[in-house]
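*Asks:* Make a model of this:
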Amino acid sequence: MKGFLGTQAGFGADITLLLQIVMGVSLIAGAFLARAKRYAAHGICQTTVLLLNLVVVASFMWPSFSLQVLPGLPKHFSRQHYFLAALHGALGGIAELFGLYILLVAGTNIVPEAWRFRRWKLWMRIELALWLFALVIGIGTYLIWYVFIR
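*Replies:* Residues are numbered from 1 along each chain as shown. Model prediction:
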């Protein structure tokens, strides 16, 4: 199904791009909530984005990656659009898994005490930076795959 942003992308890629940008802005807003010491609102905001991203990854990103990138990756890794897509997938995956770890540490008692971190600000800032870097790489991936056609 053809997308709606006027590029060569399909509908799913266009929706994913817009959702990821909205989620990135929401994560920044959530960081400001924490800075204002509104921790409950911060937790709700960040958790919502994390879980929504998990749905987006499972519904759109992973199927697209496994069909368009993985088959050609070993042969074409040095080509810019494959390399960028692989980098985005790796960084995004790490960011999502680390976010899930933070959620488990912050919201449950599942993680053993020895595996919990103490410096919340540091680790959450690292997570936000990683997530935003993955977002920027993802936007670049969209542009290279669907705007500046290879």
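*Asks:* use CA for all of it now, contacts and neighbours both
*Replies:* Noted.
*Asks:* for the biggest helix by length in the chain, packing partners?
*Replies:* If each helix of the chain is counted by residues according to DSSP state H, the longest one is helix 80-107. Secondary-structure packing of helix 80-107 (3 or more Cα pairs under 8 Å, 6 or more residues apart in numbering; DSSP states H and E): helix 39-56, helix 73-76, helix 120-142.
*Asks:* pretty sure Leu103 contacts Val49?
*Replies:* No - counting by Cα atoms under 8 Å, Leu103 does not reach Val49; the two are 11.5 Å apart.
*Asks:* okay, those two: which has more neighbours?
*Replies:* Neighbour count, other Cα atoms under 10 Å: between Leu103 and Val49, Val49 has more, with 21 against 15.
*Asks:* The spatially most central residue of the chain: what's it in contact with?
*Replies:* Centre of the chain computed as the mean C-alpha position; nearest residue by Cα atoms, centre = their mean is Gly92, 4.5 Å away. For Gly92, the contact set (Cα atoms under 8 Å, 6 or more residues apart in numbering) comprises Leu130, Trp131, Ala134, Leu135.
*Asks:* Now, of the residues you listed, which are buried?
*Replies:* Taking 16 or more other Cα atoms under 10 Å as the criterion, what is buried in these is Leu130, Trp131, Ala134, Leu135.
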